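*Asks:* missing the sequence, but the structure's below:
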């Protein structure tokens, strides 16, 4: 498959998203924001996603290894890189994971948290995503939407929400992300599908997919038109243009004016 990739920060802070691809593998990682809270780790989220991405590609170089097994192996290897850090801290660096692997006749996919994989087939669009995070602390999520994005009240509200979310992260009654425990891989959504009829697949962080899922500014058909015409960079530019029309989050309440974005656009035909 032919793959176009791009990633960009949503603001002045370092980019916490990561994307990589080969002709048979595409990976998108969306690092979870710390909002200035303690993580127990001296390395930071950008370091974590870079290490996890590299170890994922190495683990999945074996074509007979399942995506979940490859993720579990990579998680263990990255944890072993910094044993001096407090890996039991609920805020330890973590990320969503989305993986697409192309074989001769089938695609394998894995989604852990809310970075979707969108499949274009015959004019229809199928979305694979994991929205368990949306079910935790809904009252605190709603509270953040009452304030203008970036205001002191909004910043404090988002911090309270993240503190509460952390207590449910990687717990049976909460939601699961890649962090320090290989166990998280067993909670990912996985599957496979025939490549026959598939025109293209987009692997996205939610900073890119939100132009459809949150802002409802475009339909998936329009997103794929942009991707074919302007590549992965073109989609991120389109998201930024939409966000610039609502800098205070009045029309589209959100945690940041612009979120980090990562895109892998995989074309078969």
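*Replies:* That came through fine. Given the structure is predicted, the values throughout are model-derived calculations rather than measurements.
*Asks:* Now stretch 71-80: buried residues?
*Replies:* Buried positions in stretch 71-80, judged by neighbour count with 16 or more other CB atoms under 10 Å: 71, 72, 73, 74, 75, 76, 77, 78, 79. Placement of C-beta: from N, CA and C, glycine included.
*Asks:* Also stretch 254-269?
*Replies:* 254-268.
*Asks:* Give me the distance from that stretch to the chain's centre.
*Replies:* 8 Å (CA atoms, centre = their mean, to the nearest Å).
*Asks:* Mind pulling up the pLDDT for residue 10?
*Replies:* For residue 10, the model assigns a pLDDT of 96.
*Asks:* Name the SS class of the residue nearest to it when sequence neighbours are not counted, please.
*Replies:* Spatial nearest neighbour of residue 10, excluding adjacent residues (CB to CB, 6 or more residues apart in numbering): residue 258 at 3.5 Å. Under the three-state scheme (DSSP: H, G, I helix; E, B strand; the rest coil), residue 258 adopts coil.
*Asks:* on that earlier part again, TSV for the buried residues of stretch 71-80, including distance to residue 157 and secondary structure?
*Replies:* Output for those, formatted as TSV (distance: CB to CB, whole Å; DSSP: H, G, I helix; E, B strand; the rest coil):
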residue	distance to residue 157	secondary structure
71	33	helix
72	35	helix
73	38	helix
74	34	helix
75	31	helix
76	36	helix
77	37	helix
78	31	helix
79	32	helix
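*Asks:* Check which helices and strands the longest helix seen in the chain sits against.
*Replies:* Ranked by residue count, the top helix of the chain under DSSP state H comes out as helix 220-244. Counting contacts by 3 or more CB pairs under 8 Å, 6 or more residues apart in numbering; DSSP states H and E, helix 220-244 packs against strand 2-8, strand 117-121, strand 124-128, strand 198-204, helix 206-213, strand 261-267.
*Asks:* Distance to residue 53 for the ones you listed - can I get that in CSV?
*Replies:* Shown next, in CSV, are those (distance: least, CB to CB, whole Å):
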stretch, distance to residue 53
strand 2-8, 11
strand 117-121, 16
strand 124-128, 20
strand 198-204, 13
helix 206-213, 16
strand 261-267, 10
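*Asks:* And those: which comes nearest residue 163?
*Replies:* helix 206-213 (20.4 Å; CB to CB).
*Asks:* hmm, who's touching the closest one?
*Replies:* 10, 17, 30, 96, 114-116, 118, 214, 217-220, 223, 235-236, 238-239, 242, 254, 258-263 (CB atoms under 8 Å, 6 or more residues apart in numbering).
*Asks:* and the angle for that helix with strand 198-204?
*Replies:* Helix 206-213 runs at 120 degrees relative to strand 198-204, counting by axes from the mean of the first three to the mean of the last three CA atoms, to 10 degrees.
*Asks:* Just the buried residues of helix 206-213, please?
*Replies:* Those would be 206, 207, 208, 209, 210, 211, 212, 213, for helix 206-213 by 16+ other CB under 10 Å.
*Asks:* What of stretch 76-92?
*Replies:* Residues of stretch 76-92 classed as buried: 76, 77, 78, 79, 82, 85, 87, 89, 90, 91, 92 (neighbour count, 16+ other CB under 10 Å).
*Asks:* Enumerate every residue touching the spatially closest residue to residue 105 that is not a sequence neighbour.
*Replies:* In this structure, residue 105 finds its nearest non-sequential neighbour in residue 195, 5.9 Å apart by CB to CB, 6+ apart. Going by CB under 8 Å, 6+ apart, residue 195 touches 102, 103, 105, 106, 107, 268.
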